[in-house]
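Trainee: Fold the following, please.
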Amino acid sequence: LIGLLAWTTPALGFFMQTNHIPQAPRAVGDAVRSMADAHPGLDNPDAQGLVHDSENRPAATSDWKIEDGTLKFGNFEVVSGLHRRANLDQWDANCAFVNISLDSAQSDVDVALGRMHCQKFLAIVRQKLWWMVPCWGTKPGQMFSDASFLLLKLGPNAFAAVLPVVHGSFRASVHGSPHPKNQDELFLRLSSGDPAVRCSRFPATIALA
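Mentor: Sure thing, here's the model as predicted:
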């Protein structure tokens with residue numbers, strides 16, 4: 001943890017080029033904590049039928065939306081050509097969760113989400129099994145490994161946080177493609193780590209803020 005903070009703190013300063021740190025990462029953390037508090041059973045749901053009890057809380061709206069197959073934050077395009085079975089669950093005014101369903105149950109799968117758009121990004125990517133390092137770029141293909149956090153600069157003073165989450169028995173991460181023709185493509189990786197633990201419906205894969 002100390003090593004990660006040592007790497008990340010100067011990286012954020014370089015990425016932002018300002019002393020002002022956006023509130024997006026804090027909003028994601030608050031939303032994830034409130035989700036866990038509201039649904040204490042989410043840390044151990046049935047692997048074959050992950051229950052997401054969104055009916056028991058009031059409807060919410062945020063700046064995140066899907067229009068014509070494009071994931072947007074306000075007027076900014078974030079992911080175009082979005083996977084046809086990806087949807088948003090608005091959690092509160094600051095945060096939304098991406099849910100996705102597949103044609104068949106899987107224990108380890110890569111899903112092409114669509115083409116990511118940003119001016120530049122800061123990612124925290126896996127270098128070794130227990131070690132994460134920062135990575136900068138403008139396209140997902142510049143991420144050399146799977147990422148557990150993305151901070152996107154969408155425009156002047158406009159930032160968005162993308163946080164893959166652990167939900168039930170599955171861990172999510174995002175990554176790009178090394179192929180030159182697919183540099184803009186953002187992939188979502190869902191893995192249980194156990195071939196016997198499979199699922200086709202994932203109610204919470206990525207937190208957005």
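
Trainee: Could you give me the buried positions within the top strand by length along the chain?
Mentor: Criterion DSSP state E: the longest strand present in the chain is strand 95-106. By neighbour count on 16 or more other Cβ atoms under 10 Å, the buried set for strand 95-106 is Cys95, Ala96, Phe97, Val98, Asn99, Ile100, Leu102, Gln106. From N, CA and C alone the C-beta is placed, and that goes for glycine too.

Trainee: mind checking pLDDT for the second one?
Mentor: As summarised for this prediction, Ala96 has a pLDDT of 92.

Trainee: can you map out the helices along this protein?
Mentor: Counting by DSSP state H, the chain has helices at residues 2-16, 24-38.

Trainee: Can you flag the weakest of those by average pLDDT?
Mentor: Lowest mean pLDDT of the helices of the chain: helix 2-16, a mean of 46.

Trainee: my guess is Arg198 contacts Ser107, does it?
Mentor: Yes. Applying Cβ atoms under 8 Å as the test, Arg198 and Ser107 come out as touching, 4.7 Å apart.

Trainee: anything in contact with each of the two?
Mentor: Ser192 (Cβ atoms under 8 Å, 6 or more residues apart in numbering).

Trainee: which ones are touching Asp110?
Mentor: His175, Phe187, Leu188, Arg189.

Trainee: now, the most widely separated pair of the residues you listed?
Mentor: Maximum pairwise distance in the contacts of Asp110, criterion Cβ to Cβ, is 8.5 Å, between His175 and Leu188.

Trainee: low pLDDT regions in this structure?
Mentor: Scanning the chain for pLDDT under 70 picks out the ranges 1-62.

Trainee: for it, what spans make up the strands?
Mentor: Using DSSP E, the strands of the chain run over 64-67, 70-73, 76-80, 86-92, 95-106, 108-116, 120-128, 131-137, 147-155, 158-164, 166-167, 170-175, 185-191, 199-208.

Trainee: and the shortest one, what other elements does it pack with?
Mentor: In other words, strand 166-167. Judged by 3 or more Cβ pairs under 8 Å, 6 or more residues apart in numbering; DSSP states H and E, strand 166-167 is in contact with strand 199-208.

Trainee: Which strands border the strand it packs on, and is each parallel or antiparallel?
Mentor: According to DSSP bridges, strand 199-208 forms sheet pairs with strand 95-106 (antiparallel), strand 158-164 (antiparallel).

Trainee: Can you give me the neighbour number for Val165?
Mentor: When neighbours are counted by other Cβ atoms under 10 Å, Val165 registers 18.

Trainee: which residues touch it?
Mentor: Taking Cβ under 8 Å, 6+ apart as the criterion, Val165 is in contact with Val32, Phe97, Ala172, Ala204, Thr205, Ile206, Ala207.

Trainee: Met132 versus the third one, what's the distance?
Mentor: Counting by Cβ to Cβ, to the nearest Å, the gap from Ala172 to Met132 is 15 Å.

Trainee: can you check the last one too?
Mentor: With distances defined as Cβ to Cβ, the gap from Ala207 to Met132 amounts to 18 Å.

Trainee: That concludes my questions; thank you for your assistance.
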